[in-house]
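[1] sharing a model prediction with you, sequence too.
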Amino acid sequence: MHIPKSHPRYASLVSRDLIVAGVKHGITSLDGLTAHGTGLAFDYLLGEKTHPFANEAIRAAALTLLSAKHPVISVNGNTAALVPKELVNLSNVLAAPLEVNLFHSSKKREKLIKRWLKKHGAKHVLLPGKTIVPGLESNRRFVHAEGIYKADVVFVPLEDGDRTKALIKMGKKVITVDLNPLSRTAKKATITIVDNILRIMPLLISDIKILRKLPSSRLPMNPISYNNNQSLKEAEKIIRSIS
């Protein structure tokens, strides 16, 4: 579908088409369509723009990922469809593996996502193994022993709350991207970027590239000073002010 760039909701319509294409390619589930639609509703209420609280969360995320000893990037069907190039770029910048992790069990889809990421230049893509995240019963409990299970920081955009909670309980820091500041994921994560993943990925990658060139004495913000609850409150305030 051709979408003119002059359309007032161009970015939203493009993202919708990317998800639809993901379903056609076999990398996104039909359930992912519903989840994406919910996210777009919140994005509309946020004015479809990146707010200061999101920029602060992006900076905290960049610092946390840079300070990690073993960062891992978790990939589901929606993220693979929306930002495959950016995921690969982030993986390369951090020298961190990508790990496919799906809520709706499908070995075929896992392999298709791996192939899709490889097509976009990925060098290191892990698939779930027999290692289990304690406290989970869904398919997402299965992870790679040298990936998410070993990680100290996990980037889990468009995540579900149960696994975020379980990963936090294991002592890991969890960074997520969620347009709904009221979700379980947003509330449980160490750092929640309340924004559209299409907008934040280039900003996150850019921040990481800039920050890693600076000496530690010149780093602009210690991630410890970031307050996730305050960020979520600011996002909720914006949403409620529109309604």
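    The structure has been received and is ready for your questions.

[2] helix, strand or coil for the residue nearest to residue 54 when sequence neighbours are not counted?
    Among residues not flanking residue 54 along the chain, residue 195 sits closest, at 4.1 Å (Cβ to Cβ, 6 or more residues apart in numbering). Yep, even glycine has a C-beta here, placed from its N, CA and C like the rest. Three-state call for residue 195 (DSSP: H, G, I helix; E, B strand; the rest coil): coil.

[3] give me the pLDDT for residue 17.
    With respect to pLDDT, residue 17 has a value of 74.

[4] actually, residue 212.
    Reading off the model, residue 212 has pLDDT 87.

[5] over to the one 5 residues further on?
    In the prediction, the pLDDT value recorded for residue 217 is 58.

[6] residue closest to the middle of this protein?
    Closest to where the C-alpha atoms of the chain average out (Cα atoms, centre = their mean) is residue 157, at 1.7 Å.

[7] what segments of the protein are strands?
    Taking DSSP state E as the test, the strands found in the chain are 71-75, 98-100, 125-126, 131-132, 142-143, 153-155, 173-177, 191-193.

[8] closest to residue 213 out of those?
    Closest approach to residue 213 among the strands of the chain (Cβ to Cβ): strand 71-75, 18.0 Å.

[9] residues touching residue 42, list them.
    By Cβ atoms under 8 Å, 6 or more residues apart in numbering, the contact list for residue 42 reads 179-180, 239.

[10] phi, psi of the nearest residue to residue 233 once chain neighbours are set aside?
    Distances taken as Cβ to Cβ, 6+ apart put residue 181 closest to residue 233, at 7.9 Å, once the chain neighbours are dropped. Note on residue 181: its backbone torsions stand at phi -70, psi -10 [degrees, to the nearest 10].

[11] any idea how many residues pack against residue 181?
    Neighbour count for residue 181, taken as other Cβ atoms under 10 Å: 21.

[12] how about TSV for the strands of the chain, with mean neighbour count and mean pLDDT added?
    Shown next, in TSV, are the strands of the chain (neighbours: other Cβ atoms under 10 Å; pLDDT from 0 to 100):
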stretch	mean neighbour count	mean pLDDT
strand 71-75	27	97
strand 98-100	25	97
strand 125-126	22	96
strand 131-132	14	95
strand 142-143	24	94
strand 153-155	29	98
strand 173-177	27	97
strand 191-193	29	97
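
[13] which one of those strands lies closest to residue 49?
    It's strand 191-193; of those, that one is closest to residue 49 (Cβ to Cβ) at 13.6 Å.

[14] now do residue 140 against residue 102, distance only.
    7 Å (Cβ to Cβ, to the nearest Å).

[15] go on, residue 84?
    Taking Cβ to Cβ, one finds residue 84 at 15 Å from residue 102.

[16] swap in residue 45?
    Applying Cβ to Cβ to residue 45 and residue 102 gives a distance of 28 Å.
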